[in-house]
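# Here's a sequence, model it:
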Amino acid sequence: MKFGGTLEHTTAGVEVAIVTVSELLRDSQAAKLGVPVGSILKLIGQTNITQVKTMAEVLDVLSAAPRPVEIAMTVPRPKRDDEYDDDDIGAIMMEKQVTPGTDMAIMMAEQMKAEFAADYAAAAAAEAAVQAEQKNAEAMGNFVIVTEKGTGFFHFEFFADELNARRAAAKLWCCWVLFCRQGGALNEVTSGGLGFACMSIRNHVLMQISGVGS
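This is a model prediction of the structure:
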């Protein structure tokens, strides 16, 4: 890798070094690992590179670091489909040594645009799914009372807080178990009611836990 850098003055009056990957050497390990140009170095070994003052210091730290060298860096996020332009595609083609204007260049440009669009659509869909799942979980609440109303018929009732869940449970005469949802797990808080169904409720939740709240 080749590095470039600047010394930035923050609003707090502190000088911070911004050392970036400016170029990847052909056939180097960085090139094989796909290190993006523009990545910002944070640590070389245990040394905080943002605290150095000159590029010479960076190279000294790199030379003195134990082998294999461990480098921590932040990687620039991929551009969205609407952020890519012909200059970006032209730069990629130049890197791949493709002659502009040829049939191969035109075909590659269309293929890259399609790939960018597909990547953006997939990322947007994944993000939307995560947000929908979070909203669904928030709407249902983190506390759930599970009852068995008839053999093999289990009922889940969600509550936003433990106090309201306990109040609802106190009104039940049948067996019930109160769980608290923490991440993907349901942890038992307490249980009650008349009868012997609590064990079957626990067993059912244990078997179905991956489907609760989905």
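# Do a quick rundown of the helices in this protein.
Ranges of helices in the chain, per DSSP state H, are 29-33, 55-64, 86-95, 103-140, 162-170, 198-208.
# Ok, which of those helices comes nearest residue 148?
Closest approach to residue 148 among those (Cβ to Cβ): helix 198-208, 5.5 Å. Yep, even glycine has a C-beta here, placed from its N, CA and C like the rest.
# nearest residue to residue 189 other than its sequence neighbours?
residue 178 (4.5 Å; Cβ to Cβ, 6 or more residues apart in numbering).
# re the thing from before, make CSV from the helices of the chain and add mean pLDDT and mean neighbour count to it.
Below are the helices of the chain laid out as CSV (pLDDT from 0 to 100; neighbours: other Cβ atoms under 10 Å):
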stretch, mean pLDDT, mean neighbour count
helix 29-33, 74, 12
helix 55-64, 84, 14
helix 86-95, 70, 12
helix 103-140, 69, 12
helix 162-170, 90, 15
helix 198-208, 83, 14
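# Turn those helices into a markdown table, including distance to residue 70.
Converted to a markdown table, these look like this (distance: least, Cβ to Cβ, whole Å):
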| stretch | distance to residue 70 |
| --- | --- |
| helix 29-33 | 13 |
| helix 55-64 | 11 |
| helix 86-95 | 27 |
| helix 103-140 | 29 |
| helix 162-170 | 45 |
| helix 198-208 | 42 |
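# Which of those sits closest to residue 39?
Short answer: helix 29-33, nearest of the helices of the chain by Cβ to Cβ, at 9.4 Å.
# Which strands or helices does that closest one pack on?
Applying 3 or more Cβ pairs under 8 Å, 6 or more residues apart in numbering; DSSP states H and E, we find helix 29-33 packed against no helix or strand.
# Kindly report the domain assignment for this structure.
2-74, 81-129, 139-211 (automatic domain parsing).
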